[in-house]
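[1] make a model of this:
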Amino acid sequence: MNRPDLFTGPDVGLAAVLAARETRVRRRQEVLAGARWPVVSVLPVMPGPIKDCAASRALQDAALAALPELCAQRGWPMRLLWKETPPTGPEALLAVETDAVDLKAAVIELEESHPLGRLFDLDVVDPRQGSLSRRDLGRSPRRCLICGEPAHVCARARAHSLEALFEAMEARIDAARVRSV
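    Have a look, this model is predicted:
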């Protein structure tokens, strides 16, 4: 890895990550209780115990720049509901005035076409239907950053070292910088 500073930050541990997930779900449920439109939960993909670092912040910034562009291109009004960077990493919630299935299809397209999209974790939740998955739209699961197998299989098996994952992420970040110049 050429720039370990990209992935340097506080080690938060599993208990903090799980507590942050519960808080995110609770916040999302509160928002959805009175919502008419689906919400997008925006997080960077960040394996390992360090969630708040230069890489996670850059990925979150890129996702939060790409989503308004996507919504504007499609004529969908969008509103940032909440944004925070606790020690467990950057998080945001957006409301988008459109159909949840159309929104999920669009964020999948963004994850697959944006230079950093594979490093975005964009979950769409409809106030009536709940979370929409890639499978709900007949799409294949996300692929591993390294070997191309389903990501959840490699993650569960811990098939790749954290260093190898960071190297793959760094390569994508560097490639995206070159394209944006």
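[2] what's the helix or strand for residue 175?
    helix 162-180 (DSSP states H and E).
[3] output the contacting helices and strands for that helix.
    Other helices and strands packing on helix 162-180, by 3 or more C-beta pairs under 8 Å, 6 or more residues apart in numbering; DSSP states H and E, are helix 54-74. From N, CA and C alone the C-beta is placed, and that goes for glycine too.
[4] quick one: buried residues of the helix it packs on?
    For helix 54-74, burial by neighbour count (16 or more other C-beta atoms under 10 Å) applies to 55-60, 62-64, 66-67, 70-71.
[5] name the residues that touch that helix?
    Outside helix 54-74, the residues that touch it by C-beta atoms under 8 Å, 6 or more residues apart in numbering are 5-9, 40, 42-46, 77-78, 80, 83, 85, 89-90, 92, 94, 96, 98, 106-107, 110, 114, 116-117, 119-120, 122, 166, 169-170, 173, 176.
[6] what about the helices in the protein?
    For the chain, helices defined by DSSP state H occupy the ranges 13-33, 54-74, 100-113, 151-157, 162-180.
[7] distance to residue 136 and mean pLDDT added to these, as JSON lines?
    What follows is these, written out as JSON lines (distance: least, C-beta to C-beta, whole Å; pLDDT from 0 to 100):
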{"stretch": "helix 13-33", "distance to residue 136": "17", "mean pLDDT": "88"}
{"stretch": "helix 54-74", "distance to residue 136": "19", "mean pLDDT": "96"}
{"stretch": "helix 100-113", "distance to residue 136": "7", "mean pLDDT": "96"}
{"stretch": "helix 151-157", "distance to residue 136": "16", "mean pLDDT": "92"}
{"stretch": "helix 162-180", "distance to residue 136": "26", "mean pLDDT": "87"}
